[in-house]
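**Student:** next come a sequence and a model predicted from it.
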Amino acid sequence: MHALLPPQELRETAVRVGFPTAASEARGHDELEGRVARAHEEFVASGEYTFRATAVHAQQLNDVVTFRWESVVTQSGEVTGGGLEFVVVAEDGRIVRDYQFVGV
């Protein structure tokens, strides 16, 4: 499962127009594959943006891994956004849950 919490401004807009939350979820292989494919097409395939881990190193505590990332304009190197990833892993190392907090 991948859960996305968008930036505060988008969450406030969603609540203002009647949505209880702006968070979105993708569950199962098909939904996850679709989510990744759409994100790749929108942000990476054109070459306009790249994504990278920030200088803060990933940390793991038991079955939880956290890391920060940022989106960068490929041509200029300008940072356009980023967030915090909170990942729960199984004993075999596969991701069980992936929580993405954009803009934090």
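**Tutor:** In hand now; what should we look at? None of these values were measured; they are calculated from a predicted model.

**Student:** pLDDT score for A14?
**Tutor:** A14 is assigned 69 on the pLDDT scale.

**Student:** tell me where the protein is predicted with low confidence.
**Tutor:** Where the chain drops to pLDDT under 70, the residues are 14, 17, 19, 104.

**Student:** which stretches in it count as strands?
**Tutor:** For the chain, applying DSSP state E gives strands covering 2-5, 24-26, 49-53, 59-61, 64-73, 79-89, 95-102.

**Student:** what's the burial count for E25?
**Tutor:** A count of nearby residues for E25, using other CB atoms under 10 Å, gives 12. (C-beta placed from N, C-alpha, C; glycine too.)

**Student:** what bridges to the closest residue to it other than its chain neighbours?
**Tutor:** Spatial nearest neighbour of E25, chain neighbours left out: A3 (4.9 Å); criterion: CB to CB, 6 or more residues apart in numbering. Beta-bridge partners for A3, by DSSP bridges, are E25, Y99.

**Student:** quick revisit: a markdown table please, covering the strands of the chain and showing distance to E41.
**Tutor:** A markdown table is the format used below for the strands of the chain (distance: least, CB to CB, whole Å):
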| stretch | distance to E41 |
| --- | --- |
| strand 2-5 | 16 |
| strand 24-26 | 15 |
| strand 49-53 | 12 |
| strand 59-61 | 31 |
| strand 64-73 | 15 |
| strand 79-89 | 17 |
| strand 95-102 | 18 |
